[in-house]
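Colleague: Curious how this folds, go ahead:
(one chain, ligands or ions: 2)
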Amino acid sequence: MARILITGGAGFIGSHLCERLLNEGNDIIAIDNFFTGSKKNIMHLMGNPYFEMVRHDITKDYYAEVDEIYNLACPASPVHYQYNPIKTIKTSVMGAINVLGLAKRVKAKVLQASTSEVYGDPEVHPQVESYWGNVNPIGIRSCYDEGKRCAETLFFDYHRQNKVRIKIIRIFNTYGPRMQPDDGRVVSNFIIQALQNKDITIYGDGLQTRSFQYVENLVDGMIKFMATPDSEIGPVNIGNPDEFTIKQLAELVIKLTNTKSKIIYNPLPENDPMKRKPDISKIQSLIDWEPSIKLEDGLKETIAYFKTVIK
Ligand code: NAD
Ligand code: UDP
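Modeller: Ligands and ions are numbered 1, 2, ... in the order given. Prediction:
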């Protein structure tokens, strides 16, 4: 039984990770300030004596004797991370310093949930880990992108300077049950609009692409990568390389929900990346892992979930 700390444990991805690691027989501490996470996401775990939920903000120091840390705390949807951009960058940077300091003191292994956003609006396609990215340092997405880039730098410097055992994964667009209905991300927006027979809002011409990974596949890859030898520090991309235009996604959601909704076109937000698709050969050379869940199947599960949470 490992003692595992999960920051952002009450969030969308964090709650699935808590559940999985708990079911595998570990002792879990989840910390969260409930900015975008919710007790509802982890309510079903609360009665388990090996699960502790702590209300805490990772911009402040935290101490616990643990073997492993997964650092997920950070708002992830553009609507939420742009709500208080200064807080977002503090969460990424000071949060990284705090978890790395803890990992150093207790000699824990620490995994950083980084993001495909470190590649910005990429000029290399599909994105490989050796690509340094095309990121605007002063735009409205910068608090998130540059915060995550700085966190990666801190991880590498703690590793080089203090021999902290680090793992960095760059997560590509992930979806599934427990996404927040109001977080503005494309999958949740389209499903909710469709279920409510409201207009489906495509930003721009809908020809921009994304590659969507189902949350179960991500959690599986995260845990397997954490278990690799200490020499494997990453960064590694983790995502589903099946690439779709946003218009194709809208059409698929319309088909699967059988909605009366119509597509409408709104302006494209500033610095919205035009394409995104992971090269996953690096992680696949290290672990036995396949992003096996097809978009259509994952969407069916996600639609079923949203039917239970919206009126
Ligand atoms: P989420 O918003 O559901 O989860 C983030 C969690 O962190 C929430 O529970 C939130 O309350 C908590 N949090 C935020 N600031 C905090 C702070 N200062 N102190 C303590 N807790 C704090 O988002 P998610 O999609 O589950 O994302 C989890 C992680 O994965 C994030 O770090 C995100 O950047 C990364 N990621 C997600 C995606 C994706 O597509 N979902 C893609 C790339 C990277
Ligand atoms: N998007 C859209 N309609 C929406 C929400 C998002 O067309 O209602 C687009 C958005 O402009 C972007 C893509 O869908 O091109 C993915 O957006 P999301 O916010 O989910 O993630 P990210 O841009 O961070 O990949």
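
Colleague: quick one: low-confidence ranges for the chain?
Modeller: 311 (pLDDT under 70).

Colleague: Which positions in it make contact with ligand 1?
Modeller: Within the chain, the positions near ligand 1 by C-beta under 6 Å from any ligand atom are 7-8, 10-14, 32-37, 57-59, 72-76, 91, 113, 115, 171, 173-174. Any C-beta I mention is one placed from the backbone N, CA and C, and that applies to glycine too.

Colleague: Buried ones among those residues?
Modeller: Of the members of the residues of the chain next to ligand 1, the ones counted as buried by neighbours, 16 or more other C-beta atoms under 10 Å, are 7-8, 10-14, 32-33, 35-37, 57-59, 72-76, 91, 113, 115, 171, 173-174.

Colleague: Next step: these restricted to strands.
Modeller: In strands, defined here by DSSP state E, the members of these are 7, 32, 113, 115, 171, 174.

Colleague: For stretch 179-189, give me every contacting residue.
Modeller: Applying C-beta atoms under 8 Å, 6 or more residues apart in numbering, the contact partners of stretch 179-189 are 12, 36, 38, 76-80, 173, 175, 192, 201, 210, 212, 246, 249, 299, 302, 306, 309-310.

Colleague: For ligand 2, tell me which of the residues of the chain next to ligand 1 show up nearby.
Modeller: Near ligand 2, judged by C-beta under 6 Å from any ligand atom, the entries from the residues of the chain next to ligand 1 are residue 173.

Colleague: Is there a quick ChimeraX command that grabs whichever of the contacts of stretch 179-189 are buried?
Modeller: In ChimeraX, the members of these classed as buried (16+ other C-beta under 10 Å) are selected with the following command:
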select :12,36,38,76,77,78,80,173,175,192,201,210,212,246,249,299,302,306
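
Colleague: Which residue ranges of the stretch 51-200 of the chain form strands?
Modeller: 51-55, 68-71, 109-115, 165-171, 174-175, 200-203 (DSSP state E, counting those that start in this stretch).

Colleague: Given the fourth one, what are its sheet partners and their directions?
Modeller: Strand 165-171 sits in its sheet next to strand 109-115 (parallel), strand 236-238 (parallel), going by DSSP bridges.

Colleague: Quick one: list the elements packing against the very next helix or strand once past the last one.
Modeller: Looking back up the chat, that one is strand 236-238. Elements were assigned by DSSP states H and E; along the chain past strand 236-238, the next helix or strand is strand 243-245. The helices and strands touching strand 243-245, judged by 3 or more C-beta pairs under 8 Å, 6 or more residues apart in numbering; DSSP states H and E, are strand 209-211.
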